[in-house]
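Asks: fold the following, please.
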Amino acid sequence: MNKLLVISGPTATGKTSLAFKLAKKFNGELISADSRQVYKGMDIGTGKEFSAEIPTWGCDVVRPDQEWSAAHFVKFAKEVIAEVQQRGKLPIVVGGTGLYISNLLNPPETLNIPPDKKLRAELEKLPVAELQDRLKKADSKRFYGMNESDQQNPRRLVRAIEIAILASKGPTFLKRSDLIRRNDSLYIALIAPIKEIDRRIGDRVRQRIEKGAEEEVCGLVKKYGWDSALKFTIAYKEWRPYFDHKYSIDEVIKNWTIHEKQYARRQLVWMAKYSPDKLFDISQSNCILDIEAYVGRWYYGKE
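Replies: This is a model prediction of the structure:
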């Protein structure tokens with residue numbers, strides 16, 4: 001039976017470092033489920049980690065000015081998972097983008113609704129407030145089911161309107177054969193007290209500033225401009241007022257840290273909605289050993 005391990009949790013809980021350890025122990029390869037690390041060149045701000053020993057898929061797939069969505073991720077991940085399994089290795093999906101993970105394990109019927117270029121061209125000219133009104137009229141339940149960040153994100157609003165309109169016109173676009181069988185997979189998540197997550201986030205932001213986040217953003221803006229993924233991505237969007245001489249570096253750090261903390265809380269809410277098979281508290285001293293033992297029992301088919 002083919003196996004699939006999924007590791008999720010809020011930002012700054014050490015998901016990737018854990019995934020590398022488990023990959024070494026259980027002959028695995030990583031597939032990133034991170035909506036920020038998919039972009040080329042966005043390295044320091046997103047905290048990309050690589051290993052010379054363990055292959056990592058799903059990072060540096062598209063440029064910041066190219067389109068990428070949950071549907072793109074699911075298609076990409078399914079292909080890589082199948083390839084890794086064919087080579088007799090364990091695919092380990094790791095990341096904190098809950099939408100990617102939930103759509104991979106339990107794809108919604110709307111996942112494969114194709115883009116409507118004509119509709120998008122029309123909608124992309126509209127301000128956020130009008131997009132919100134359009135979505136409320138097309139599918140109010142969908143609008144109010146979005147988190148606050150997505151309600152303010154033009155790209156997410158455009159896609160939601162597109163789905164609401166097209167889904168009302170025709171049959172499902174999802175085939176049953178596209179489903180990942182949950183009984184072949186194990187979904188674990190890392191958690192910690194919110195104060196510990198906040199402390200880790202603060203430390204990590206400062207470390208990324210020291211590594212050269214400012215220079216990275218400057219180079220990406222020159223290459224792609226703000227009308228790209230930089231405009232909406234945490235760790236990048238906070239720099240725009242700084243480059244416009246409206247913010248100091250301290251204000252950038254403050255807003256970046258706040259946004260990361262807000263994102264962590266949204267991730268925790270998402271996890272509560274899409275329950276993992278097992279939660280592990282990283283603040284516990286023997287957490288890693290407990291995870292290795294738990295995964296080992298699943299991997300080798302032992303109770």
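Asks: so Gly95 touches Ala33, yeah?
Replies: Yes: when contacts are counted by Cβ atoms under 8 Å, Gly95 is listed as touching Ala33 (3.1 Å). The way it works is simple: take the backbone N, C-alpha and C, and place the C-beta from them, glycine included.
Asks: give me the pLDDT for Val205.
Replies: With respect to pLDDT, Val205 scores 98.
Asks: skipping adjacent residues, who's closest to it in space?
Replies: Leaving aside its sequence neighbours, Val205 sits nearest to Thr257 (Cβ to Cβ, 6 or more residues apart in numbering; 5.0 Å).
Asks: picking that back up, joint contacts of Gly95 and Ala33?
Replies: 8, 58, 101 (Cβ atoms under 8 Å, 6 or more residues apart in numbering).
Asks: list just the nearest of these to Asp65.
Replies: Gly58 (18.7 Å; Cβ to Cβ).
Asks: so the closest residue to that closest one other than its chain neighbours bridges to which residues?
Replies: Once flanking residues are discounted, Gly58 sits nearest to Ser32: 3.5 Å by Cβ to Cβ, 6+ apart. Counting by DSSP bridges, Ser32 is bridged to Val94.
Asks: most neighbours among the shared contacts of Gly95 and Ala33, which one?
Replies: Ranked by the number of neighbours (other Cβ atoms under 10 Å), these place Ile101 first, at 27 neighbours.
Asks: in a strand, that residue, correct?
Replies: No: read with DSSP: H, G, I helix; E, B strand; the rest coil, Ile101 is helix and lies in no strand.
Asks: show me the domain layout of the chain.
Replies: Per automatic domain parsing, the structural domains of the chain span 4-109+174-299, 117-167.
Asks: of the ones you listed, flag the one that's most buried.
Replies: domain 4-109+174-299 (a mean of 18; mean count of other Cβ atoms under 10 Å).
Asks: check the offset of that domain from the chain's centre.
Replies: For domain 4-109+174-299, the distance from its own C-alpha centre to the chain's C-alpha centre is 5 Å (Cα atoms, centre = their mean, to the nearest Å).
Asks: now the terminal residues of it, how far apart.
Replies: 9 Å (Cα to Cα, to the nearest Å).
Asks: over to stretch 35-51?
Replies: 20 Å.
Asks: check contacts around His72.
Replies: Counted by Cβ under 8 Å, 6+ apart, His72 has zero contacts.
Asks: what helix or strand is it on?
Replies: helix 70-86 (DSSP states H and E).
Asks: any idea of the mean pLDDT for that helix?
Replies: 94.
Asks: circling back to that earlier point, what is the nearest of the shared contacts of Gly95 and Ala33 to Asp43?
Replies: Using Cβ to Cβ as the measure, the one of the shared contacts of Gly95 and Ala33 that approaches Asp43 most closely is Gly58, at 14.1 Å.
Asks: tell me the helices in the stretch 201-303 of the chain, going along the chain?
Replies: Here the stretch 201-303 of the chain has its helices, by DSSP state H, counting those that start in this stretch, at 213-224, 240-243, 249-273, 287-299.
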